[in-house]
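In: Got a predicted model here, sequence first, then my questions.
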Amino acid sequence: MKKHFYPVPQTGNILEWNDIISKIPDPEEFDGMRFVERIVLSTRAPNKKNKETGESHNLARNGGTGNRDKSLFGSFSHGIDTREMPPKVVFDDGQDYLYGGFGRADIFAELKYNFWIYDRYEYTEENRNFLQKDSVDVLQDAAISDNGKPSSKAPSKSDYVSILVDRIIKYKWCNVEMQKWFDSINHCLTKEQISEYIKDSVSREKALGRVEWSKSYVVEQLLKKEFPEVTLLNATNAETGNTQRFTRTLIAMMQSYIDSEGKTQEYCLWNSAAESHEQLDDALKAIDKNMKSIVELMVDFVDTYRAQLRKNKQHRPCNPTKRLTQKIGVDKIVGKIVDFTSS
C-alpha cells in the first residue's frame with residue numbers, strides 16, 4: 001500500500017477507523033458553521049437533496065460537477081488518502097445534508113465503498129460573517145469555499161455568477177459587496193477573473209425577466225436531439241466585433257463543406273450574456289454579417305494564393321521560419337531564436 005493510502009474498512013465499526021482518522025488533517029472552519037465531529041457514515045446516508053429546494057445537487061454548482069478526472073477515480077481505488085479532507089455534511093433537523101464532496105458519491109458506489117469518514121458541521125449564527133443573512137447563504141459559501149481549494153475540481157464561472165445573482169436579487173448587492181464576498185471565501189481566481197464575474201453577474205441580473213439565459217449543455221442536448229447536423233454557436237459579444245467563436249469553427253466547417261460536396265453548413269445561434277432584446281438582435285445580425293465577410297476574405301485569400309502560385313509553384317502563404325532553441329545538449333545555446341528548417 002502507498003505511503004499515505006490505507007485500505008477502506010468494510011464496516012462502520014469506529015474501532016476499525018480510528019487509526020486512519022488520527023492521520024487526517026484537522027477539520028476546516030467555515031463562517032456560519034461549527035465543526036461537530038468526525039464520524040463514519042454509510043456512504044448512502046448523507047442526504048444529497050437541498051433542504052430548501054428539494055433538488056439533488058450542490059448549491060455551489062450551477063451545472064453539476066461534470067465528468068470526474070480519471071486520476072481521481074484511480075486515487076480512490078487505492079483506498080483512503082489521509083492527506084485529503086473528508087466529505088462534509090451539515091446536521092440540520094435530524095439529517096446529515098451533504099455539501100462538500102458531491103463528486104465522490106458516484107466513485108464510492110462504483111468502488112463499492114459502503115462506509116467513509118465524514119466531517120459533520122452544524123449551523124451557528126454566532127460566527128456568521130456580515131454578508132451572511134441565513135443558512136442558505138452559509139451553505140453556499142461553505143460549499144463554494146470547499147470547491148475553491150486547489151485540490152478540488154474548481155467551480156466554473158457560472159457557479160460563482162449564479163450565487164452572486166442570487167445575492168443581488170435577495171440583498172441588492174452592488175460591486176462593493178460582491179468584491180467583499182470573494183474576499184470572504186476560498187478561491188483560486190485572479191483579480192481580472194473576479195472583476196469579469198462581478199460584471200457578468202450584474203448583466204445577468206439585469207437580463208432576468210427579459211432574456212432567457214439557457215445553459216450551454218441544455219441547448220446542446222436540445223440541438224443534438226432535434227437537429228444533430230446543426231452546429232451550435234455562441235453569439236455573445238459578436239456585436240462588439242468578437243469573431244473568435246466563429247473562427248474557431250472554420251476548419252471543421254470547411255472540411256464538412258468539402259466532404260458534403262458543397263452542402264451549406266448550418267449554425268444555431270444563442271447568447272449567454274445579452275441583457276436586452278436589442279442586444280440579442282444586434283449579436284445575431286453581427287454573426288450573420290461576420291459569416292459573410294469572413295468567407296469573402298477566404299475567397300480573396302485563395303485568389304491571391306493561386307495568383308502567387310502561378311508565379312512560383314513553391315510559394316506558401318504562411319511558413320514557420322523561426323524557432324526557440326530548447327534541446328539541452330543538442331542546441332548550442334538554449335533559449336535563443338534561430339532559423340527553423342523543416343526536416
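Out: Alright, I've got the coordinates. All values reported here derive from a predicted model rather than from experimental measurement.
In: hey, where'd the helices end up in the chain?
Out: Listed from the start of the chain, the chain has helices (DSSP state H) covering 18-21, 70-77, 104-111, 135-147, 157-171, 175-184, 191-207, 216-226, 244-247, 250-259, 277-311.
In: and of the ones you listed, who's closest to Pro9?
Out: Set against Pro9 and scored by C-beta to C-beta, the helices of the chain come closest in helix 18-21, at 7.9 Å. Where you see a C-beta, it was placed from the backbone N, CA and C, and this is true even at glycine.
In: Give the rounded mean pLDDT of that closest one.
Out: Taken as a whole, helix 18-21 has a mean pLDDT of 95.
In: now do stretch 126-141
Out: Stretch 126-141 shows an average pLDDT of 95 in the prediction.
In: Can you give me the buried ones in that stretch?
Out: Burial within stretch 126-141, assessed by neighbour count using 16 or more other C-beta atoms under 10 Å, is assigned to 128-129, 131-132, 135-141.
In: So for this structure, which residue is the most central one in space?
Out: Closest residue to the average C-alpha location of the chain: Ser156 at 2.9 Å, with C-alpha atoms, centre = their mean.
In: how far away is that residue from Ile144?
Out: Between Ser156 and Ile144 the distance, using C-beta to C-beta, to the nearest Å, works out to 11 Å.
In: How about Val8?
Out: 28 Å.
In: Show me which of the two is the more surrounded one.
Out: Looking at Val8 and Ile144 with other C-beta atoms under 10 Å, you find the greater number of neighbours at Ile144, namely 23 against 20.
In: ok, now which ones touch the more buried one?
Out: 60, 155, 159-160, 163, 185-187 (C-beta atoms under 8 Å, 6 or more residues apart in numbering).
In: Please report which of those has the highest neighbour count.
Out: By neighbour count, taken as other C-beta under 10 Å, the most surrounded of the contacts of Ile144 turns out to be Tyr160 (27 neighbours).
In: what does the model give that one for pLDDT?
Out: Confidence score, pLDDT, at Tyr160: 93.
In: Outline the domain layout of this protein.
Out: Per automatic domain parsing, the domain ranges recorded for the chain read 5-153, 156-208, 216-311.
In: Out of those, the one nearest Ser342 is which?
Out: domain 216-311 (19.0 Å).
In: how far does the closest one stretch from start to finish?
Out: Chord length of domain 216-311, first to last residue, is 48 Å (C-alpha to C-alpha, to the nearest Å).
In: average pLDDT for it?
Out: Across domain 216-311, the per-residue pLDDT values average to 93.
In: Next, count neighbours for Asp303.
Out: That count, for Asp303 with other C-beta under 10 Å as the rule, works out to 10.
In: How about the one 4 residues further on?
Out: Under the neighbour criterion other C-beta under 10 Å, Ala307 is assigned a count of 10.
In: ok, now the one 4 residues further on?
Out: For Lys311, the tally of surrounding residues (other C-beta under 10 Å) stands at 7.
In: Could you check how far it is from Thr304?
Out: Shown here: Lys311 relative to Thr304, a distance of 11 Å by C-beta to C-beta.
In: try Gln255
Out: Gln255 sits at a distance of 22 Å from Thr304 (criterion: C-beta to C-beta).
In: what's the answer for Asp93, then?
Out: Asp93 sits at a distance of 72 Å from Thr304 (criterion: C-beta to C-beta).
In: For the two, indicate the residue with more neighbours.
Out: The neighbour comparison of Asp93 against Thr304 (other C-beta under 10 Å) goes to Thr304, with 11 against 6.
In: Apart from its chain neighbours, what residue comes closest to that one?
Out: Of all residues beyond its chain neighbours, the one nearest Thr304 is Pro317 (7.8 Å), with distances taken as C-beta to C-beta, 6 or more residues apart in numbering.
In: next one: phi and psi at that neighbour?
Out: Geometry field for Pro317 lists phi and psi as phi -70, psi -20, criterion degrees, to the nearest 10.
In: my guess is it meets Ala307, correct?
Out: No. With contacts defined as C-beta atoms under 8 Å, Pro317 does not count as touching Ala307, sitting 11.0 Å away.
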